[in-house]
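>>> Please find the sequence and the predicted model below.
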Amino acid sequence: MKYFGTDGFRGKANEDLTVYHAFAIGRYVGWYYGARLGRKARIAIGKDTRRSSYMYEYAIVAGLVASGADAYLLHVTTTPSVSYVVIDGGFDCGVMITASHNPFGDNGIKLVNREGYKMEPDVLGRIEDYLDGKVEVPLATDEAIGRTIDHVAGRERYINHLIATADFSLEGWRIGVDCANGASSTIAERVLTSLGAEVEVINDAPNGFNINVDCGSTHIRALQEHVRANQLDVGFAFDGDADRCIAVDENGDVVDGDVIIYVCGCYLDGQGRLPHDTVVTTVMANLGLTKSLEAAGLHSVQTDVGDKNVYACMRENGYALGGEQSGHVIFRDFEVTGDGVMTSIRILEVMTRTGKSLSELASPIHDYPQVLENVRVEDKKAALASSELKVAIAQAERDLGDSGRILVRASGTEPLIRVLVEAESDALCHSCAAGVADVLRTTYGNLNR
């Protein structure tokens, strides 16, 4: 794909992704579904709290209604809520305006199909052809012009759905929540409070510029300190669009997506709710997760990076649980996409049903030391194809032997090459990762401005 990566069309606002792109996407999507269905298309739209999200929202809406579609506005809401609303309300597709965990200056456009999961590649390809001027679509006229409908009720239905999935009480629980000054600011506290918990929220005052800034699932230290200082039972941190959740146990220690999958996988298996005794992970999963699952009598299947790949595997094979170390976790009994708030509810279910703290539940899993180096480049394909990089990777593999691994891949959402190393010691991890990353920086140093 030229514009759409693993998680939508994303980039620097009004540089890589411009307001004109947004208008054009709305134009094509509105026309495509209307022509395909022979009626006005119904499209649900949500956005995160970035300043530029309003600009893109209005541009997409203008494009949709100009092509004859009706646009239903959910306003500030989470990515998983858009997926839920599309399914629940019988919409033809959904649009989420967000750059997820990226800095506030970036933004993105995610599209989901009528089944609530990421848009089919062939439709994205058609949109890209329109963006490149290869096709034209007509403007609607007279009564064919679309309209805009306020649909905050859809977001409320999603909140009620989250609450309804919890058949347990959180009375007496003290829970910390870090909303990353993002989309969960309108949702997370309401859900957990409705279940009876005493909720202490941090970073829930978005101003358009502070989303993900030293907070949320990618900057977990603030929540760790808050949980320790206030002696809370558990904490949950979300990213900008709240499709990720990273937990913090009662000691302030981080519980990432791998550990969440282990904890919930063991619980679901004990409940007879884990088909084939199998969870789905990605190639980024820690070796410790695989070994700990094996020790618990469970199996794991690995996919390429990306929650869409995880869900595709789950759907095809009937698996109920899957996710990524970054905190995208999918509970297929309830939803079709990663959902940070849903993940927090499911963790709380395990804790309340077992009577165990999160640290107790996580104690059997032992992670291998892991280092992730991100190297910024302008041409990811050229960087990955370089002979110097291949030599460096081969050397790292020799150094690691059979006791570790190295994975070098391009980010699907940012201009980065990611170098992941796992080994039995921190020293070996750091030396191998640094060696490969240094070759990338040296070879492409003129690109790292």
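Good, I have the coordinates.

>>> residues contacting Pro121?
The contact partners of Pro121, by Cβ atoms under 8 Å, 6 or more residues apart in numbering, come to Met1. (Each C-beta comes from the backbone N, C-alpha and C, glycine too.)

>>> Show the pLDDT at it.
Here the pLDDT value assigned to Pro121 is 94.

>>> Can you tell me how far it is from Arg27?
In this view, Pro121 and Arg27 are 20 Å apart by Cβ to Cβ, to the nearest Å.

>>> ok, how many other residues are close to Ile220?
21 (other Cβ atoms under 10 Å).

>>> Now it: phi and psi?
phi -80, psi -10 (degrees, to the nearest 10).

>>> quick thing: my sequence starts at 9, can you match it?
Renumbered: residue one is now 9, and that last one reads Ile228.

>>> count of neighbours near the nearest residue to Ser89 once chain neighbours are set aside?
Nearest-residue entry for Ser89: Tyr166, 4.2 Å, with adjacent residues in sequence omitted and distances by Cβ to Cβ, 6 or more residues apart in numbering. As a burial measure, Tyr166 scores 26 neighbours (other Cβ under 10 Å).

>>> okay, the residue of the chain most remote from its centre: pLDDT?
Here the centre of the chain is the reference, and by Cα atoms, centre = their mean the most remote residue is Asp150, at 40.2 Å. We have a pLDDT of 97 for Asp150.

>>> I'd say Ala442 and Glu381 touch.
Yes. Using Cβ atoms under 8 Å, Ala442 is in contact with Glu381, at 7.1 Å.

>>> So the two - more neighbours on which side?
Ranked by neighbour count (other Cβ under 10 Å), Ala442 and Glu381 place Glu381 first, with 21 against 16.

>>> how close does the more buried one get to Arg426?
The value you get for Glu381 to Arg426, if Cβ to Cβ is used, is 7 Å.

>>> What of Gly180?
Going from Gly180 to Arg426 by Cβ to Cβ gives 42 Å.

>>> who's more crowded, these two?
For Gly180 versus Arg426, neighbours defined as other Cβ under 10 Å are more numerous around Arg426 (18 against 9).

>>> how far out from the middle of the chain is the host helix or strand of that one?
Using DSSP states H and E, Arg426 sits within strand 424-430. In terms of Cα atoms, centre = their mean, to the nearest Å, the centre of strand 424-430 is set 19 Å apart from its chain centre.

>>> would Ile117 count as being in a strand?
Yes. Ile117 sits within a strand when classified using DSSP: H, G, I helix; E, B strand; the rest coil.

>>> what about stretch 247-260, start to end distance?
Across its full length, stretch 247-260 reaches 18 Å end to end, with Cα to Cα, to the nearest Å as the criterion.

>>> Show me what counts as buried in it.
Buried residues in stretch 247-260, counted by 16 or more other Cβ atoms under 10 Å: 247-258, 260.

>>> List just the nearest of these to Val120.
Asp251 (11.4 Å; Cβ to Cβ).

>>> Surely that closest one is in contact with Pro88?
Yes. Applying Cβ under 8 Å, one finds Asp251 in contact with Pro88, separated by 5.6 Å.

>>> For the stretch 109-258 of the chain, just list every one of the helices.
Per DSSP state H, counting those that start in this stretch, the stretch 109-258 of the chain carries helices over the ranges 129-139, 160-172, 196-202, 229-238.

>>> how about low-confidence regions in this structure?
Residue ranges of the chain with pLDDT under 70: 453-457.

>>> domain assignment for it?
The record's domain parsing of the chain by automatic domain parsing lists 12-162, 173-370, 378-455.

>>> how long is the second one end to end?
Across its full length, domain 173-370 reaches 23 Å end to end, with Cα to Cα as the criterion.

>>> hang on, the earlier thing: mean neighbour count, the helices of the stretch 109-258 of the chain: which tops it?
The highest mean neighbour count among the helices of the stretch 109-258 of the chain, using mean count of other Cβ atoms under 10 Å, belongs to helix 196-202: a mean of 20.

>>> packing partners for that one?
helix 160-172, strand 182-186, strand 206-210, helix 348-362 (3 or more Cβ pairs under 8 Å, 6 or more residues apart in numbering; DSSP states H and E).

>>> Let's have those in a markdown table, adding distance to Gln333.
Below are these laid out as a markdown table (distance: least, Cβ to Cβ, whole Å):
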| stretch | distance to Gln333 |
| --- | --- |
| helix 160-172 | 24 |
| strand 182-186 | 18 |
| strand 206-210 | 23 |
| helix 348-362 | 13 |
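
>>> continuing past the strand holding Arg426, what's the next helix or strand?
Taking DSSP H and E, what comes next after strand 424-430 is helix 434-451.

>>> Specify the angle between that next one and strand 424-430 in degrees.
On the basis of axes from the mean of the first three to the mean of the last three Cα atoms, to 10 degrees, helix 434-451 is oriented at 160 degrees to strand 424-430.

>>> residues making contact with helix 434-451?
By Cβ under 8 Å, 6+ apart, helix 434-451 touches 377-381, 383, 385, 391, 394, 396-397, 399-401, 403-404, 407-408, 412, 414, 416, 425, 427-431, 456.

>>> Drop anything exposed from these.
For the contacts of helix 434-451, a burial check counting by 16+ other Cβ under 10 Å picks out 377-379, 381, 383, 385, 391, 397, 400-401, 404, 407-408, 412, 414, 416, 425, 427-431.

>>> Now, those that are in helices?
Counting by DSSP state H, the buried ones among the contacts of helix 434-451 place Ala391, Leu397, Ala400, Ile401, Ala404, Asp407, Leu408 in helices.

>>> Was I right to think the last one contacts Glu432?
By that I understand Leu408. No. In this structure Leu408 lies outside contact range of Glu432 using Cβ under 8 Å: 9.1 Å.

>>> who's in contact with the closest residue to Val349 other than its chain neighbours?
The spatial neighbour of Val349 that comes closest, neighbours along the chain excluded (Cβ to Cβ, 6+ apart), is Ala196 at 5.3 Å. Listed by Cβ under 8 Å, 6+ apart, the contact partners of Ala196 are Val185, Cys187, Val207, Val209, Phe244, Phe246, Ala250, Gly348, Val349, Ser352.

>>> Of those residues, just say which sits nearest to Val271.
When the contacts of Ala196 are compared for distance to Val271 (Cβ to Cβ), Ser352 wins out at 12.4 Å.
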